[in-house]
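K.L.:
Fold the following.
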Amino acid sequence: MARLDHKGEIIASITALAEEMAVATGIFSVIGALSRAELAYYDQQARQYQKTVVDKAVELVSCTGNITIRDGKPFVHAHAVLADSSYHAMAGHLVSGTIFAAELYLAELSGQPLSRAFDPTTGLFLWDGK
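P.N.:
Below is the predicted model:
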């Protein structure tokens, strides 16, 4: 469990913690608040992410994800639900976010580390293996 630094970038912060703790495969959950965020939706037909910037303060209602190996180093994959001051929710793939306050729960998974490889069927980097 860790408190992530105010004004830090959330994906980079989780990645750095995974590297520091030598977590090759894990799962995590984060709650808190962001002062800015970027979410994405994967367009399956175009096979590319459609991104949107959330340039305002939001609650990080839920953020879950996993850590696996991509290109020889820990890779963070996260999805988030954000809520604004009008209690409107936004959700999607979390590309980035500037931390206002965030608390992280990170659990390392045992066994053979999972890695990511390009999947030509989806155009995504997915878990390699079973």
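K.L.:
Now do the helices for this protein: every range, in order, please.
P.N.:
Along the chain, counting by DSSP state H, helices occupy 10-20.
K.L.:
where do the strands sit along it?
P.N.:
2-4, 26-43, 48-54, 58-70, 73-83, 89-108, 115-119, 124-128 (DSSP state E).
K.L.:
Tell me which of those strands sits nearest to residue 10.
P.N.:
Relative to residue 10, the nearest member of the strands of the chain by C-beta to C-beta is strand 89-108, separated by 4.2 Å. C-beta coordinates here come from the backbone N, C-alpha and C atoms, glycine included.
K.L.:
Who are the packing partners of the closest one?
P.N.:
Where contact means 3 or more C-beta pairs under 8 Å, 6 or more residues apart in numbering; DSSP states H and E, strand 89-108 is packed against strand 2-4, helix 10-20, strand 26-43, strand 48-54, strand 58-70, strand 73-83.
K.L.:
contacts for the last one?
P.N.:
With C-beta atoms under 8 Å, 6 or more residues apart in numbering as the test, strand 73-83 has contacts from 10-11, 14-15, 18-19, 23-24, 28, 30, 34, 37, 39, 54, 58-69, 89-94, 97, 116, 125.
K.L.:
Taking their axis directions, it and strand 115-119 sit at what angle?
P.N.:
Interaxial angle, strand 73-83 versus strand 115-119 (axes from the mean of the first three to the mean of the last three C-alpha atoms, to 10 degrees): 80 degrees.
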